[in-house]
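Visitor: I would like to see how this sequence folds:
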Amino acid sequence: MQDVRQPMIESIIIEEGSSVSNQEQSRASDTYGQLTFTGDVMLKRLPPEVFMTLEKTVHAGEPLDPAIANTVAGAMREWAVEHGCTHYCHWFQPLTGMTAEKHDAFLSPTGDGNAIEKFSGAELIEGEPDASSFPSGGIRDTYEARGYTAWDATSPAFILRTDSGVATLCIPTAFVSWTGEALDKKTPLLRSTQAVTAQAMRIVRYFGNDDGVKQLVTTLGCEQEYFLIDRWQVEERLDLAICGRTLVGAPAPKGHQLDDHYFGSIPERVLTYMSDVEARLFELGIPVKTRHNEVAPGQFEIAPTYEGTNVAADHQMILMHVLHEEAGKHNFDCLLHEKPFAGINGSGKHNNWSISTDTGVNLLDPREETHSNLQFLTFLCSVIRAIDLHADLLRATIATAGNDHRLGANEAPPAIMSVYLGEMLTDILNQLEIGKTRSTKHGGTMDLGARTLPQLPRHSSDRNRTSPFAFTGNKFEFRAVGSNQSVAWPNTVLNTIIAESLDWMVTQLEKKSGKNPTPAKRDAAVRTVLKEVVKKHRKVCFDGDGYSDAWVTEAEERGLPNLHSTADALPVIKNKASMDLFKKYRVLNNRELKARYEIFVEQYSSVLTIETNTLLTLLKTQVMPAAIQYQTQLAEAVTATHAAGAECRSTQGLLLDVISGIDSLQKSITALTTERTRAYPSADKRMKSHREQLVPAMEQARADSDRLEEIIPRDLWPLPTYAEMLLIR
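Guide: Below you'll find the model as predicted:
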């Protein structure tokens, strides 16, 4: 992925070495952003003074001027109608983890039996969906239905078109209750971005580097992993159709032991699908940088270019929508669950975060002589401090029932939050701890030994794929985010904890150096504060093998939290420290934060309940009948063999194995049924019991089913197997 710069909104730069072909580059220049109301579209359709006013909101973060709303709405309607739209919707992200939309027609009755096309500024700015029908965590009751959507002018409107040609204008909006409390993921994300950029600007001003800088922007690039399997296989597997993951399934003879799928040749059928996905994303103003095979068979990755965090979060939701829609056209099903298949690589959404000035300066770029770049080191140490102080809260942001299956497994980071810095930055931390920074380690070049090969520049540090939070050149990569998640919540928390750390840092610097310090006094204050931070918080930095058992022991000795499951992590959200943090930076008030906790707890328990119901249905109606049928065939074979006067010890042994397997499976079914019907005095106790009792019961039932699958003939087994789903294209 390319260097982090200004968020790209109006233009696309296809870099040399991109995965996009020449033909696609030509097509991109014609279609990029064709279905988004931004850039050239606004310039052509809006009066200059209106365009410039709106640009101040989009690019300079100034408050939206309501006076321009009617003009913008009229231009937006004309553009949408020209593209075939008859309806518009306020497109928002409620706390379901998905998107929502209510379609309204542009046509309005005139009272004389006719109708006119109408879309006013008031309709653009505000909508009124039912707030009680979405998760609210107690903020809204059934009889308290009023909620509002509010136009987010910083994220471009776009047009979604179905295969049949139905087109709808989608207007990104925030979603709040009648009381003004956030019921969505966008509102706190925007608040958190405001908080972190305000504190970062204080740092930039402190170092005197704010010349020409009007605002700071957090930037984000997300690497989306996913699986593709044939659609008919999902239709024949209730677990995949309902839960998005296989609840039973014996391992395929071949997984990713040979490492031959990763970056391998993309199957033609998959490549055609990827090309169609990219073409549609280009139309929607979402240019794709990378596509490739991932680690597991049937697993792939797509990565858009960097953008401002809010736009990137919206585009991630659109990207997942497009992945699903386009898959059906190719007779695929796109699986975005974090662990659709047991025993092989899970899917994440690597969250590459940075912060830049509106003049194009990446504040996490260490530059050549890093040891002397005190502004960068201040930002770096602020992030380290934030992760150390709030590791438990950061862990809670990626806590879901699906991600519990992935964290700590094949190529996924562990549940212990730590920061990877690499050799060069670790060396500089050592120097800071001593109190003097004198040098920067450089990677040099590599001579590959063949005269026809170029000498390659060597990076000053390696990469660490086992780290959940790694510095990767000019950004931090939060690798623990689940593939099925909206990135809005993790980035809301990330922004907030870094805002607090930057605030603390610059406040300490100002205290130690006084007002209007000389450069020498300022630098001395910076080195003193950085030394204190490094000594106290570098325990969260770890460059070793995050998968090893030794790290678990070492992390405990360092005092780092190890929150194994969602049930362990979620309670952190409602503790006093978390509530004080979000309240201080006006990201979420106590009621809004507690509501999210209640919603996350309910979602976790509900997912496990749905999975249990689905698993029981599979076991009772498909697995058990197949096992009994095979038992009957074996029993008949044994009887016939004995009647012929022959020995059949092997067949008898196989029959006993099947009988034993059926008995074990029936016990598991009974245990699961008992756990499913258990009553709980509170949602918290239900969550805890589900994790401690229901999950192990599901795992045992799966193990019993998988043992039977390994011995039941394929013509009797009722479900598509792992080998068929993953290895046959």
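
Visitor: Next, the residue sitting furthest away from the middle of the chain: secondary structure please.
Guide: Ranked by distance from the centre of the chain (CA atoms, centre = their mean), the top residue is Gly645, with 64.7 Å. Here Gly645 is recorded as coil under DSSP: H, G, I helix; E, B strand; the rest coil.

Visitor: any weak-confidence spans in the stretch 101-250 of the chain?
Guide: Along the stretch 101-250 of the chain, the model assigns pLDDT under 70 to residues 109-116.

Visitor: Go again with 80.
Guide: Residue ranges of the stretch 101-250 of the chain with pLDDT under 80: 107-117, 142-144.

Visitor: Strands of that one, residue ranges please.
Guide: 103-105, 107-109, 115-117, 126-127, 147-151, 157-161, 167-177, 216-230 (DSSP state E, counting those that start in this stretch).

Visitor: Export those strands to JSON lines and append columns for distance to Gly422.
Guide: Every C-beta, even on glycine, is put in place using the N, C-alpha and C of the backbone. Formatted as JSON lines, those follow (distance: least, CB to CB, whole Å):
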{"stretch": "strand 103-105", "distance to Gly422": "50"}
{"stretch": "strand 107-109", "distance to Gly422": "59"}
{"stretch": "strand 115-117", "distance to Gly422": "58"}
{"stretch": "strand 126-127", "distance to Gly422": "47"}
{"stretch": "strand 147-151", "distance to Gly422": "42"}
{"stretch": "strand 157-161", "distance to Gly422": "38"}
{"stretch": "strand 167-177", "distance to Gly422": "37"}
{"stretch": "strand 216-230", "distance to Gly422": "19"}
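
Visitor: Please name whichever of those is nearest to Leu588.
Guide: When the strands of the stretch 101-250 of the chain are compared for distance to Leu588 using CB to CB, the nearest one is strand 167-177, at 12.0 Å.

Visitor: you'd agree Ser354 is in a strand?
Guide: Yes: the assignment for Ser354 is a strand, going by three-state DSSP.

Visitor: my guess is it contacts Asn362, does it?
Guide: Yes: the pair Ser354 / Asn362 is scored as a contact, 5.8 Å apart, by CB atoms under 8 Å.

Visitor: buried ones in the helix or strand that contains His87?
Guide: In the assignment (DSSP states H and E), His87 maps to strand 85-91. In terms of neighbour count (16 or more other CB atoms under 10 Å), strand 85-91 has its buried residues at Cys85, His87, Tyr88, Cys89, His90, Trp91.

Visitor: Now for these: which two are most distant?
Guide: By the measure CB to CB, Cys85 and His90 form the most distant pair in these, at 14.1 Å.

Visitor: how close does the residue farthest from the centre of the chain sit to Pro63?
Guide: As judged by CB to CB, to the nearest Å, Gly645 and Pro63 stand 94 Å apart.

Visitor: for Glu78, same thing?
Guide: Distance of Glu78 to Pro63, given as CB to CB: 26 Å.

Visitor: These two: which has the busier surroundings?
Guide: A direct count of neighbours by other CB atoms under 10 Å for Glu78 and Pro63 places Glu78 higher, at 12 against 7.

Visitor: roughly how far apart are the more buried one and Asp104?
Guide: Relative to Asp104, Glu78 is positioned 17 Å away (CB to CB).

Visitor: can you pull out the helices in the stretch 351-500 of the chain?
Guide: 374-389, 391-397, 401-406, 423-434, 488-513 (DSSP state H, counting those that start in this stretch).

Visitor: what packs against the third one?
Guide: Meaning helix 401-406. helix 566-569, helix 590-618 (3 or more CB pairs under 8 Å, 6 or more residues apart in numbering; DSSP states H and E).

Visitor: The ones you listed: which one's closest to Met42?
Guide: Closest to Met42 of the helices and strands packed on helix 401-406, according to CB to CB: helix 590-618, at 32.9 Å.

Visitor: just the angle between the closest one and helix 488-513, please?
Guide: Here helix 590-618 runs at an angle of 150 degrees relative to helix 488-513 (axes from the mean of the first three to the mean of the last three CA atoms, to 10 degrees).

Visitor: taking the mean pLDDT, what do you get for helix 590-618?
Guide: The predicted model gives helix 590-618 an average pLDDT of 97.

Visitor: who's in contact with the residue nearest to Phe376 when sequence neighbours are not counted?
Guide: Computed as CB to CB, 6 or more residues apart in numbering, the closest residue to Phe376 that is not its neighbour in sequence is Pro366, at 5.2 Å. Pro366 sits next to Asn373, Phe376, Leu380, Met424, Leu425, Asn474 when contact means CB atoms under 8 Å, 6 or more residues apart in numbering.

Visitor: mind checking pLDDT for the closest residue to the fifth one other than its chain neighbours?
Guide: Residue nearest to Leu425 in three dimensions, not counting chain neighbours: Phe471, with 6.4 Å by CB to CB, 6+ apart. At Phe471 the predicted local confidence, pLDDT, stands at 94.

Visitor: shouldn't Phe471 be in contact with Tyr420?
Guide: Yes: with contact defined as CB under 8 Å, Phe471 reaches Tyr420; the gap is 6.4 Å.

Visitor: Could you check which of the two has the larger neighbour count?
Guide: More crowded of Phe471 and Tyr420, by other CB under 10 Å: Tyr420, with 27 against 24.

Visitor: count of neighbours near Asn351?
Guide: 27.

Visitor: beta partners of it?
Guide: Here Asn351 sits in beta bridges with Cys222, Phe478, as judged by DSSP bridges.

Visitor: Just the buried positions in stretch 722-729, please.
Guide: Neighbour-count burial for stretch 722-729, counted by 16+ other CB under 10 Å, picks out Tyr722, Ala723, Met725, Leu726.

Visitor: quick check, nearest of the residues you listed to Glu181?
Guide: If you rank those by distance to Glu181 using CB to CB, Met725 comes first, at 43.6 Å.

Visitor: The helix or strand where that closest one lies packs against which elements?
Guide: Using DSSP H and E, Met725 maps to helix 722-727. For helix 722-727, the packing partners by 3+ CB pairs under 8 Å, 6+ apart come out as strand 216-230.

Visitor: for the strand it packs on, packing partners?
Guide: On a contact count with 3+ CB pairs under 8 Å, 6+ apart, strand 216-230 meets helix 186-206, strand 299-304, strand 307-308, helix 309-329, strand 332-335, strand 349-357, helix 488-513, helix 722-727.
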